[in-house]
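[1] here is a sequence with its predicted model. Questions after.
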Amino acid sequence: MSKALTSGEGWPPAAEAALDVLERFGLELQQAEQATQQIRLILSSVKEALGADAVLWHPGTTGDAPEGVGAGDLPPSWRQDFMSRIIADAAGSGQVLRSFLDPGAKPSSPWPYSAALVRVSKSRGNWLTALSFHPRRLFTSVDLKLMLLARRQLLNHRQQTQVYEKLKESLFGLVRCLTAAIDAKDPYTWGHSERVARMAVRLARQMDLAPAVQSDLYLAGLLHDVGKIGVRDEVLRKPGPLTPEEQRHIQEHPIIGDRLVCHIKPLQHLRWGVRNHHERWDGRGYPDGLAGDDIPLQARILAVADSCDAMMHTRPYRASLPTGRVEETLRDGAGSQWDPHVVAAFQVCRQDLYSICQRGLGDSVFVAVERVLKTGAAEEASSQLHSAPGA
């Protein structure tokens with residue numbers, strides 16, 4: 001049983017099983033994204049925790065009949081009438097405990113022997129109500145405390161969800177701004193980052209990598225060239241061969257990108273794709289001279305996607321290459337420039353990759369951002385990247 005639920009609360013031993021139920025409720029709540037799911041979950045959890053015959057949710061200002069679990073034999077009109085009567089007794093306190101409701105004075109049938117209510121939302125007029133129709137199960141102050149605890153869990157979850165949504169919107173905007181800045185820097189590579197991102201996802205899917213890894217690859221693909229923001233325009237757009245000094249300057253862009261991404265906490269696990277997508281399988285790449293399996297899998301996949309898109313599009317220093325030449329180049333470079341396992345995946349799904357190159361933009365970054373922010377997504381992706389077959 002969670003110490004977070006029990007510490008300092010003074011719960012009697014009989015309430016321990018109920019606390020276990022509410023602890024499970026808190027865990028299941030993390031997976032309930034819709035308000036209707038959350039309501040059904042708190043109703044069923046409170047019913048189990050209290051051993052109630054029925055638990056109702058009063059929708060408040062909507063005017064709809066209260067919904068509930070264990071309330072199948074209670075007509076909607078009865079639920080609405082009962083809730084209106086008993087909520088009126090609350091007199092603004094936010095909680096009501098009726099340990100015994102005199103059945104002899106019942107205004108309608110059926111009539112519960114005991115009821116416990118807590119207000120969930122004052123502004124919306126939402127109430128949570130537990131009912132007992134048996135004289136041997138009369139609710140006590142402990143039951144009310146359990147309901148208040150469930151209410152607190154629900155409200156905390158909703159508050160965290162609001163913060164999460166704002167963070168997701170901010171991160172989405174940041175990624176899009178960085179991608180737009182890259183495109184604006186070099187008109188020849190407009191759309192390149194998103195095409196690479198989508199191609200990397202298709203390669204990852206061909207390699208049977210987890211959805212979380214695919215989402216990370218999508219974001220890493222969008223950001224893989226972000227370091228070009230720090231490259232001089234005359235070097236980036238130069239139509240002829242680069243001088244040795246210019247070559248060294250442009251090869252700094254993975255390091256610059258890494259420095260940018262490493263300071264954005266939700267994106268820190270993408271930095272190796274940004275930093276190492278120009279490494280070579282034989283160790284002759286840059287900036288770190290990594291070789292073989294020492295190159296992060298994320299970077300190895302991006303390297304193939306990046307090269308494929310670059311060859312299929314015109315650059316200031318050369319025209320685009322036909323698909324046959326692209327296939328030949330990747331096949332000849334497998335085991336020297338590129339990971340042979342990734343090139344093998346390319347050969348299987350190359351027609352899909354060519355379509356992505358021709359279609360350009362399309363996939364949404366929003367889903368990828370959401371996956372990154374999910375609890376544990378980064379850890380799962382990191383594990384996959386270091387243990388995938390052929391990695």
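    Structure received.
[2] show me the strands in the stretch 251-391 of the chain, by range?
    For the stretch 251-391 of the chain, strands defined by DSSP state E, counting those that start in this stretch do not occur.
[3] just for the stretch 1-150 of the chain, where's the confidence low?
    Residues of the stretch 1-150 of the chain meeting the criterion pLDDT under 70: 1-14, 61-63, 89-92, 102-109.
[4] do that again at 90, thanks
    Residue ranges of the stretch 1-150 of the chain with pLDDT under 90: 1-23, 25-37, 39, 58-115, 117, 119-127, 133-138, 140-141.
[5] strands along that one, start to end?
    54-58, 67-69, 95-98, 114-121, 126-132.
[6] where's Val120 relative to Gly60, distance?
    Note on Val120: its distance to Gly60, by CB to CB, to the nearest Å, is 9 Å. Every C-beta, even on glycine, is put in place using the N, C-alpha and C of the backbone.
[7] I meant Ile256, not that one.
    Counting by CB to CB, the gap from Ile256 to Gly60 is 54 Å.
[8] picking that back up, in terms of packing, which of Val120 and Gly60 has more residues around it?
    Between Val120 and Gly60, Val120 has the larger neighbour count (other CB atoms under 10 Å), namely 22 against 19.
[9] what bridges to the closest residue to the more buried one other than its chain neighbours?
    Distances taken as CB to CB, 6 or more residues apart in numbering place Asn126 nearest to Val120, at 4.1 Å, with adjacent residues excluded. With DSSP bridges applied, the residues forming beta bridges to Asn126 are Ser121.
[10] can you get me a residue count around Asn126?
    Using other CB under 10 Å, the number of residues around Asn126 comes to 20.
[11] does it touch Arg119 like I think?
    Yes. The pair Asn126 / Arg119 is scored as a contact, 7.1 Å apart, by CB atoms under 8 Å.
[12] pLDDT score assigned to Gly360?
    Predicted confidence (pLDDT) for Gly360: 46.
[13] oh, that last question was meant for His249, not what I typed.
    95.
[14] so it is in contact with Val235, correct?
    Yes. At 5.6 Å, His249 counts as touching Val235 under the criterion of CB under 8 Å.
[15] buried stuff in stretch 21-39?
    21-23, 25-26, 29, 32, 38-39 (16 or more other CB atoms under 10 Å).
[16] so what's the closest residue to Gly26 other than its chain neighbours up against?
    Take Gly26 and drop its neighbours on the chain: the residue closest to it by CB to CB, 6+ apart is Gln153, 5.0 Å away. By CB atoms under 8 Å, 6 or more residues apart in numbering, the residues touching Gln153 are 22, 25-26, 29.
[17] low pLDDT regions in the stretch 201-350 of the chain?
    The model of the stretch 201-350 of the chain has pLDDT under 90 over residues 212, 215, 233-234, 236-242, 263-267, 310, 312-321.
[18] all the helices of it, in order from the start?
    Secondary structure of the stretch 201-350 of the chain, counting by DSSP state H, counting those that start in this stretch: helices at 211-223, 233-236, 244-250, 253-261, 271-276, 297-312, 323-333, 340-359.
[19] okay if I get those as CSV plus mean neighbour count and distance to His134?
    Formatted as CSV, the helices of the stretch 201-350 of the chain follow (neighbours: other CB atoms under 10 Å; distance: least, CB to CB, whole Å):
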stretch, mean neighbour count, distance to His134
helix 211-223, 26, 48
helix 233-236, 13, 78
helix 244-250, 12, 79
helix 253-261, 20, 61
helix 271-276, 26, 61
helix 297-312, 25, 60
helix 323-333, 15, 73
helix 340-359, 17, 63
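[20] can I get these in TSV including distance to Ala184?
    Output for those, formatted as TSV (distance: least, CB to CB, whole Å):
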stretch	distance to Ala184
helix 211-223	14
helix 233-236	11
helix 244-250	18
helix 253-261	15
helix 271-276	19
helix 297-312	18
helix 323-333	27
helix 340-359	21
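[21] distance of Phe133 from Phe172?
    Taking CB to CB, one finds Phe133 at 50 Å from Phe172.
[22] next: Asp309.
    For Asp309, the distance to Phe172 - CB to CB - is 23 Å.
[23] then Val196?
    19 Å.
[24] more crowded one of those two?
    More crowded of Val196 and Phe172, by other CB under 10 Å: Val196, with 31 against 17.
[25] which residues touch the more buried one?
    Val196 neighbours (CB under 8 Å, 6+ apart): 221, 224, 302, 305-306, 309.
[26] got the angle between the helix or strand where it lies and helix 211-223?
    Following DSSP states H and E, one finds Val196 within helix 192-206. Helix 192-206 runs at 160 degrees relative to helix 211-223, counting by axes from the mean of the first three to the mean of the last three CA atoms, to 10 degrees.
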